[in-house]
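Chemist: Generate coordinates for the sequence data below:
(4 chains)
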Protein chains: 2
Amino acid sequence: MSHSLGVRQAQKQKTRQALLDAALGLLEEQSLSSLGLREVTRVVGIAPTAFYRHFRDMGELGVALVEEALGSLHVMVRAILAEQDGAEERIDRTVAVVEQHVRRYPLHIRFVARERHGGVRAVRQAIAGELDRFAEEVAAALKTQPVSEGWCDDDVRMLAELYVDRLVMTAAALLDAEADGAEGAAGQVVRVARRQLRLISIGRRHWREEQSGDR
Amino acid sequence: MSHSLGVRQAQKQKTRQALLDAALGLLEEQSLSSLGLREVTRVVGIAPTAFYRHFRDMGELGVALVEEALGSLHVMVRAILAEQDGAEERIDRTVAVVEQHVRRYPLHIRFVARERHGGVRAVRQAIAGELDRFAEEVAAALKTQPVSEGWCDDDVRMLAELYVDRLVMTAAALLDAEADGAEGAAGQVVRVARRQLRLISIGRRHWREEQSGDR
DNA sequence: TAGTTCGGAGAACGGTTGTTTACTGGATGA
DNA sequence: TCATCCAGTAAACAACCGTTCTCCGAACTA
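Modeler: From the prediction side, this is the model:
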């Protein structure tokens, strides 16, 4: 661990990270397609032209933000799904993890929720791809659970997407609830989310016995 | 039906509608917070300053678009929920209606999906409010169905929100699928959506018998 | 130590933006 | 018919934008 990076590259990565941080902050109250290059460099304190040393344009910066924001999700999902509690405990644990994740990285969550259907194609595709990987991991984990016995892969995948969408929506709702001044709003969101996951879990448990026709 | 409006006001509403249409078109490939006032007036073919005769700013135009986009949803939900078929038929009918709605008003759907978490506060709130009314209507309709016997209002509302979110997500996914060149992508989305609704429906049917603790 | 690499600075470019102010001309209503 | 209203026009404003080109100086390499 003597050299590891060199002063040059270390400094470069430092200002690159500063650009990402500044952009993420500014994106709390606007969307990527309206975020200016100069706006970002002004916050960082560097010349506008220095931006090009790190990103070709704002779209490329957006894609980098996607990786930063959704990269950490994978360890999170593993943490949740690894546990072998009962269904009820797992639901509580899941919502709790989402809750703390929202509180720890609010700007990342906001960014993903906003740009998932936002105006920059490259960023949309990056998020879609990442959420797809996410769903695939969830599906793999669901498959190993006893409840999934007799399920075809397509149905497991369908369920996984249902869960992933639900978690993303919950995270976004939680963020909005905390942004508003309303006192018990966040708690309300959490309680509703728990019940929704519970209902899905019940549907899952009775899925096989109710599937008659294929359609 | 002789006068009904007057030439003056009629013309005004006409260019107002032209502004809305032009904006909606431009918003297919960018988000509201980056849409310029001049950009819109240029498409319509009027002077930039004429914009102010109709809207204070782009945010106000956005709110008007929300009403236009989500106003028609209410007749749609009534059409779906009024029918008294079996659960399976109702699911098929629901997805079919969503599908045709997406095909008829793709720009409106795109706009709502994009600005629901977009960068303009007033528009976000308008969408949230409209979806809230939407959920309330769904809840009222669900409550009359026999399956909901013994359900408390809170749980019905919880289910309604689950359905509404699911439909919005499905519509957005359907739109993306059709935008991409992929051939069977739309059909795939529809088939997944049907199964997801079916699973939720099953969970709903077994909800009461499985509810032990209150929590 | 001498030469090269490269992140960042600075100035300048053409173009676009939102907004103001004053004005025009046809529909409106007495 | 005549004064009033008002949707749309035209010009000008300062501010901002993305991008190009040239240059500097510190970190690298040999």
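Chemist: only C-alpha atoms for contact and neighbour calcs from this point on.
Modeler: Fine.
Chemist: Which single residue of chain A ends up nearest DNA strand D?
Modeler: Nearest to DNA strand D in chain A, going by CA to the nearest atom of the strand, is A:Gly36, at a distance of 3.0 Å.
Chemist: Spatially nearest residue to that residue (excluding sequence neighbours)?
Modeler: A:Met58 (7.7 Å; CA to CA, 6 or more residues apart in numbering or on different chains).
Chemist: How about the contacts made by the one you found?
Modeler: Contacts for A:Met58 (CA atoms under 8 Å, 6 or more residues apart in numbering or on different chains) come out as A:32, A:35-37.
Chemist: need those in a markdown table with secondary structure, pLDDT and neighbour count, can you?
Modeler: Shown next, in a markdown table, are those (DSSP: H, G, I helix; E, B strand; the rest coil; pLDDT from 0 to 100; neighbours: other CA atoms under 10 Å in any protein chain shown):
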| residue | secondary structure | pLDDT | neighbour count |
| --- | --- | --- | --- |
| A:Leu32 | helix | 98 | 29 |
| A:Leu35 | coil | 98 | 16 |
| A:Gly36 | coil | 98 | 14 |
| A:Leu37 | helix | 98 | 16 |
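Chemist: Out of these, which comes closest to B:Glu88?
Modeler: For these, the closest approach to B:Glu88 (CA to CA) belongs to A:Leu32, at 41.5 Å.
Chemist: Now do the closest one against A:Gly129, distance only.
Modeler: According to CA to CA, to the nearest Å, A:Leu32 stands 18 Å off from A:Gly129.
Chemist: neighbours of A:Arg204, just the number please.
Modeler: Counted with other CA atoms under 10 Å in any protein chain shown, residues neighbouring A:Arg204 total 18.
Chemist: burial measure for the closest residue to A:Val98 other than its chain neighbours, as a count.
Modeler: In space, and not counting its chain neighbours, A:Val98 is closest to A:Ala171: 6.5 Å by CA to CA, 6+ apart. A:Ala171 has 26 neighbouring residues, counting by other CA under 10 Å.
Chemist: And A:Ala171, what's its pLDDT?
Modeler: In this prediction, A:Ala171 carries a pLDDT score of 97.
Chemist: that older thread, the contacts of A:Met58: which two are farthest apart?
Modeler: Farthest pair in the contacts of A:Met58, by CA to CA: A:Leu32 and A:Leu37, 10.5 Å.
Chemist: near DNA strand D at all, stretch A:105-119?
Modeler: No - Stretch A:105-119 stays clear of DNA strand D (CA under 7 Å from any atom of the strand), getting no nearer than 14.5 Å.
Chemist: just how off-centre is that stretch within its chain?
Modeler: Its chain's C-alpha centre and that of stretch A:105-119 lie 8 Å apart, by CA atoms, centre = their mean, to the nearest Å.
Chemist: I'd like to know how far A:Glu178 sits from A:Arg42.
Modeler: 29 Å.
Chemist: out of the two, which sits in the more crowded spot?
Modeler: A:Glu178 (17 against 14).
Chemist: Assign that one to helix, strand or coil.
Modeler: Classification of A:Glu178 by DSSP: H, G, I helix; E, B strand; the rest coil places it in helix.
Chemist: I'd say it and A:Gly184 touch.
Modeler: No - in this structure, A:Glu178 is not within contact of A:Gly184 by CA atoms under 8 Å, at 9.1 Å.
Chemist: So is stretch A:106-117 next to chain B?
Modeler: Yes - with CA under 8 Å from any CA of the partner chain as the criterion, chain B is reached by stretch A:106-117 at A:113-115, A:117.
Chemist: Which of those residues fall within helices?
Modeler: Counting by DSSP state H, the part of those found in helices is A:113-115.
Chemist: Hmm, A:Asp92 and A:Arg194 touching each other?
Modeler: Yes - counting by CA under 8 Å, A:Asp92 is a contact partner of A:Arg194 at 6.8 Å.
Chemist: More neighbours: the two, which one.
Modeler: Neighbour count, other CA under 10 Å: between A:Arg194 and A:Asp92, A:Arg194 has more, with 20 against 17.
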